[in-house]
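*Asks:* Return a 3D structure for these sequence lines:
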Amino acid sequence: MLPIIFVIPFIQLVILVNAATFEMKNIRMSVIDNDHSTSSRELVSKFSGSPFYKIAGYPDNFNQAESEMQKGKVDVILQIPNHFEKNLVKENSAKLQIIIDAINGSAAGLTFAYTSSIIADYNKELVTEWMNFDPKAKTGSINISTLHWYNPELNYKTFMVPGILVLLVTIVGFFLSGMNVVREKEIGTIEQLNVTPIKKYQFILGKLIPFWIIGIFELTFGLILGKLIFQIPIIGNVGLVFLVASVYLLVVLGMGLFVATVTNTQQQSMFVSWFLLILFILMSGLFTAIENMPVWAQYLDYLNPIAYFMRATRMVLLKGSTFTDISKDFFALVIYAFAILLLSSWRYKKVS
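*Replies:* Have a look, this model is predicted:
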C-alpha cells in the first residue's frame, strides 16, 4: 500500500499531465513539390517555420509518400502540382492536395484546421503583395478581438491538472479501502473482528477514516505540486474544493468497501475496482466532454460520481465558481455517499 500512497500520486501528476494532451505538436509532413518554384518553396517554408510541423521528407512521387504514411511515419502529405506558380500568376488560381492520416479522427480534424489556416495565411500574403495592398491601412473590415476566458494561454496542462488530481484521489481512496478490508479476510482476522464487542459502525469508521485522511493529504500534495510545477491558476476558494472532496472521498471509500464485501482476495478486489474505475474515468469528462457523448451516455453519467467531482473541481479552481454554482454536484455527491455507505454497511453485515 505504501507505493500506492506515495509513489503513484507523484507519477500520475508529473507524467500524465504532460502525456495526456490533445494538443497537436510535431505534425510530420511529407512534401511532394512537383513545381520547384519560388512560390512553392515559400509555401513549404510556412510549414517548416511553424512550431506545429516537422518536415519528414521530400519524396519524388506520391507512392513513396503514401508508403511512409502507411508505415505511420507521416501524418500529412502536401502535394504541390506542376505549374503551381504559373497558374497563380496567369490565372490567379492554383490547386493543392492535402492527404491526412485520419485513423484518429480528432487529430485529423485538428491537423486539417492547422494546415488550412497556414495555406489561407499564405494566400492572404499573396493577395497583399500582388495588389500592393497596405495591411496597416484602415479599411471598412470588422476587427475581431479574441479573449480566452479562464485559460488565456490555451495551456492544456491547466485543464488537465485538476482532472488528474481527481483521478489521483479516486484511485488512492478506491483501491486502499477495498484492499484493506479484503486483507483482513485473507489473513483470517475478519472472523476474529466479527466476534469481538466492536460495533459494526466502529469497524467501518476505523477502516474508512484513515484513508479519508490519506485522500485529503493526497489532494493537498497534488495541489501543491500542480502550483509549483505546472503553475496552474487557483482562482476559486480552495476550502470549497476540500469541502466537496471530503464528501467525494466518502463516496469512493464506500465503493471500495462495497467491492471488499463481494470479493475474497486482494487480487479480486483490484480487478473489480479497476473494471469500475475504467468505466467511471472514461465517462467522467477527463478527456472527452460529457456534452459530446451520446444522449444515453449522458444520462448514464448521472450515476458516475467522478463526473460530479471532476466538474466541481475544474469550475472552482479554474473559473472561481462559488458554492451556488456547484451546489447540484455537491448535493448529488451527498446523496451518493449516503446511499453507497448504507449499501456497504448492509452488505458487510450480510457477509459477516
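
*Asks:* centroid residue for the chain?
*Replies:* residue 287 (3.4 Å; Cα atoms, centre = their mean).

*Asks:* where's that one, which helix or strand?
*Replies:* For residue 287, there is no enclosing helix or strand under DSSP states H and E.

*Asks:* ditto for residue 188
*Replies:* Under DSSP H and E, no helix or strand contains residue 188.

*Asks:* Would you list the phi and psi of it?
*Replies:* When read as degrees, to the nearest 10, the backbone of residue 188 gives phi 80, psi 10.

*Asks:* Show the contacting residues for residue 315.
*Replies:* If you count contacts by Cβ atoms under 8 Å, 6 or more residues apart in numbering, residue 315 has them with 236, 321, 325-326. C-beta coordinates here come from the backbone N, C-alpha and C atoms, glycine included.

*Asks:* Repeat that for residue 301.
*Replies:* 283-284, 290, 293, 307.

*Asks:* run the last query once more with 6 Å
*Replies:* 283, 290, 307 (Cβ atoms under 6 Å, 6 or more residues apart in numbering).

*Asks:* Could you list the low-pLDDT ranges of the stretch 251-352 of the chain?
*Replies:* Scanning the stretch 251-352 of the chain for pLDDT under 70 picks out the ranges 349-352.

*Asks:* what do you get if the cut-off is 90, keeping everything else the same?
*Replies:* Counting by pLDDT under 90, the ranges of the stretch 251-352 of the chain that qualify are 256-279, 281-298, 300-301, 343-352.

*Asks:* Helices of that one, start to end?
*Replies:* Remark: helices assigned in the stretch 251-352 of the chain by DSSP state H, counting those that start in this stretch are 266-282, 295-300, 305-314, 323-351.

*Asks:* so can I have JSON lines of the ones you listed showing distance to residue 187 and mean neighbour count?
*Replies:* Output for those, formatted as JSON lines (distance: least, Cβ to Cβ, whole Å; neighbours: other Cβ atoms under 10 Å):
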{"stretch": "helix 266-282", "distance to residue 187": "11", "mean neighbour count": "16"}
{"stretch": "helix 295-300", "distance to residue 187": "38", "mean neighbour count": "11"}
{"stretch": "helix 305-314", "distance to residue 187": "30", "mean neighbour count": "25"}
{"stretch": "helix 323-351", "distance to residue 187": "16", "mean neighbour count": "16"}
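
*Asks:* would you turn those helices into TSV with distance to residue 188?
*Replies:* Shown next, in TSV, are the helices of the stretch 251-352 of the chain (distance: least, Cβ to Cβ, whole Å):
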stretch	distance to residue 188
helix 266-282	14
helix 295-300	39
helix 305-314	33
helix 323-351	15
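
*Asks:* Ok, which of the ones you listed comes nearest residue 193?
*Replies:* helix 323-351 (10.8 Å; Cβ to Cβ).

*Asks:* Report all helices and strands that the closest one contacts.
*Replies:* Judged by 3 or more Cβ pairs under 6 Å, 6 or more residues apart in numbering; DSSP states H and E, helix 323-351 is in contact with helix 238-262, helix 305-314.

*Asks:* repeat that with 10 Å
*Replies:* helix 156-186, helix 190-194, helix 200-230, helix 238-262, helix 305-314 (3 or more Cβ pairs under 10 Å, 6 or more residues apart in numbering; DSSP states H and E).

*Asks:* And the ones you listed, which one averages the lowest pLDDT?
*Replies:* Lowest mean pLDDT of the helices and strands packed on helix 323-351: helix 190-194, a mean of 71.

*Asks:* chain center to that one: distance?
*Replies:* With Cα atoms, centre = their mean, to the nearest Å as the basis, helix 190-194 stands 43 Å off its chain's centre.

*Asks:* do stretch 110-122 as well
*Replies:* When distances are taken as Cα atoms, centre = their mean, stretch 110-122 is centred 25 Å away from the chain's centroid.

*Asks:* What lies in contact with that stretch?
*Replies:* Stretch 110-122 is contacted from outside by 22-24, 27, 29, 39, 42-47, 49-50, 52-53, 75-76, 78, 96, 98, 100-102, 104, using Cβ atoms under 10 Å, 6 or more residues apart in numbering.
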